[in-house]
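**Q** Sequence below, structure please.
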Amino acid sequence: MPTRSARTAWTGGLQDGSGQVELTSSGLGTYDVSFPKRAAEDANGSTSPEELVAAAHSACYAMSLSKLATDAGGTVHALDVSADVTLGPDNEAGGVKLTGIKLTVRGEVEGIDDAAFKEAAAQAKVGCPISKALTGVEITLDAALEG
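**A** Numbers count the residues shown, from 1 in each chain. Next up, the predicted model:
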């Protein structure tokens with residue numbers, strides 16, 4: 001399996017500095033980052049490590065669930081997956097940490113019932129590589145079939 005890469009060029013200190021994250025493997029883009037915008041409610045045109053983790057997790061989870069739902073006898077027409085990653089204080093070690101990830105999935109899958117879909121969704125939550133990498137973070141799941 002290939003290795004994928006990104007890089008960040010940063011200038012300045014934490015509070016007054018800023019950087020740019022480049023998706024180097026794909027060449028798809030370069031995105032601004034800064035700590036004040038990371039900690040603010042409005043990202044105001046900048047991304048953050050948490051948003052990038054959310055993107056990675058939602059994509060990885062969708063791929064895993066697609067396979068598991070198919071393995072369970074379903075035909076996947078559509079999966080709508082969102083990942084909400086929360087940053088908060090680290091009361092034990094100091095600083096901040098990821099305090100939770102909420103995965104939400106709505107699926108249009110033919111050939112399996114809601115119980116089978118929810119079982120595949122739960123297996124994907126535990127089994128996708130990004131979930132495995134984030135075992136120190138509480139991951140919750142809200143899964144349902146639609147249509």
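**Q** how far does the helix or strand containing Ala62 sit from the chain's center?
**A** Element membership for Ala62 (DSSP states H and E) is helix 49-71. Offset of helix 49-71 from its chain centre (C-alpha atoms, centre = their mean, to the nearest Å): 7 Å.
**Q** List the buried residues for that helix?
**A** Buried residues in helix 49-71, counted by 16 or more other C-beta atoms under 10 Å: 50-54, 56-58, 60-69. In this view, the C-beta of every residue, glycine as well, is placed from N, C-alpha and C.
**Q** next one: stretch 119-134
**A** Buried, per 16+ other C-beta under 10 Å, within stretch 119-134: 119-121, 123-125, 127-128, 130-131, 134.
**Q** Can I get the residues you listed in TSV including secondary structure?
**A** As requested, the buried residues of stretch 119-134 are exported to TSV (DSSP: H, G, I helix; E, B strand; the rest coil):
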residue	secondary structure
Glu119	helix
Ala120	helix
Ala121	helix
Gln123	helix
Ala124	helix
Lys125	helix
Gly127	helix
Cys128	coil
Ile130	helix
Ser131	helix
Leu134	coil
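**Q** Next, count neighbours for the residue lying closest to Gly111 once chain neighbours are set aside.
**A** Spatial nearest neighbour of Gly111, excluding adjacent residues (C-beta to C-beta, 6 or more residues apart in numbering): Gly74 at 4.6 Å. By the criterion of other C-beta atoms under 10 Å, Gly74 has 21 neighbours.
**Q** is it true that Gly74 touches Asp113?
**A** No: counting by C-beta atoms under 8 Å, Gly74 sits too far from Asp113 to count as a contact (9.4 Å).
**Q** can you list the buried residues of stretch 119-134 in a markdown table and add distance to Leu79?
**A** As requested, the buried residues of stretch 119-134 are exported to a markdown table (distance: C-beta to C-beta, whole Å):
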| residue | distance to Leu79 |
| --- | --- |
| Glu119 | 15 |
| Ala120 | 11 |
| Ala121 | 9 |
| Gln123 | 14 |
| Ala124 | 10 |
| Lys125 | 13 |
| Gly127 | 15 |
| Cys128 | 13 |
| Ile130 | 15 |
| Ser131 | 16 |
| Leu134 | 20 |
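**Q** For Asp16, state which of these is nearest.
**A** Proximity of the buried residues of stretch 119-134 to Asp16 (C-beta to C-beta) peaks at Leu134, which lies at 30.0 Å.
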